[in-house]
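Asks: kindly return the folded structure for what I paste below:
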Amino acid sequence: MFKLPNYIFGRLLDHSAIKVSILGNEFYRHENKVACKLFFTVKTPDNHLLKDLFIDDYFVSIGIAKCSENDTFDLTTGQKIAYAKAEKAAYWEVMSRLLAFKSDLKQFLDTFDTVYSQFSEKYDRTIECTDRYLDRFNGCQNFENESEPFC
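Replies: Got it, this is the predicted structure:
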């Protein structure tokens with residue numbers, strides 16, 4: 001029986017955490033706006049399929065805080081808000097890649113189920129027919145003039 005290699009499922013189940021690690025950030029101010037550029041990496045379980053989703057050395061997300069006209073601008077508050085929005089965008093980037101992968105995987109499995117089912121039926125018919133054909137040789141009889149063809 002075919003067994004899936006350990007690198008596909010085993011390690012994924014053993015070490016299932018996906019971790020977003022912040023490498024650093026940069027802040028920019030323009031009038032009453034503060035932008036945060038966040039640099040991050042994504043660590044995945046030791047699984048080549050997941051690692052391929054996050055193959056880049058690092059990622060960048062952006063968060064922007066805009067001071068309302070009714071509020072007094074405060075750089076520190078703007079930076080906190082911009083950072084939080086950039087962090088939210090980082091997590092969304094990871095989640096959107098995972099959701100896309102999940103969708104692709106589901107589509108693959110649906111296709112695989114159909115193809116497997118069709119081939120399984122063909123396999124069963126072929127094996128049965130071949131076994132019947134081979135059974136004719138068990139008695140060491142000569143079947144050269146036999147009218148029944150091979151399946």
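Asks: tell me the SS of the residue positioned nearest the centre of the chain?
Replies: By CA atoms, centre = their mean, the mean C-alpha position of the chain lies nearest to residue 101, the distance being 3.4 Å. Secondary structure state of residue 101, per DSSP: H, G, I helix; E, B strand; the rest coil, is helix.
Asks: report pLDDT for it.
Replies: Per-residue pLDDT puts residue 101 at 87.
Asks: again, but for residue 129
Replies: Predicted confidence (pLDDT) for residue 129: 88.
Asks: what's the closest non-adjacent residue to the residue nearest to the centre of the chain?
Replies: residue 53 (5.6 Å; CB to CB, 6 or more residues apart in numbering). Glycine gets a C-beta too; all of them are placed from N, C-alpha and C.
Asks: show me what contacts that neighbour?
Replies: Counting by CB atoms under 8 Å, 6 or more residues apart in numbering, residue 53 touches 42, 44, 97, 98, 101.
Asks: contacts only, for the residue nearest to the centre of the chain.
Replies: With CB under 8 Å, 6+ apart, residue 101 has these contacts: 49, 50, 53.
Asks: neighbours of the first one, how many?
Replies: When neighbours are defined as other CB atoms under 10 Å, residue 49 has 14 of them.
Asks: ok now the helix or strand residue 51 falls within, how far from the chain's centre?
Replies: Assigned by DSSP states H and E, residue 51 belongs to helix 48-53. Chain-centre distance of helix 48-53: 7 Å, with CA atoms, centre = their mean, to the nearest Å.
Asks: ok now the helix or strand hosting residue 120, how far from the chain's centre?
Replies: If you go by DSSP H and E, residue 120 is part of helix 75-135. Taking CA atoms, centre = their mean, one finds helix 75-135 lying 6 Å from the centre of the chain it belongs to.
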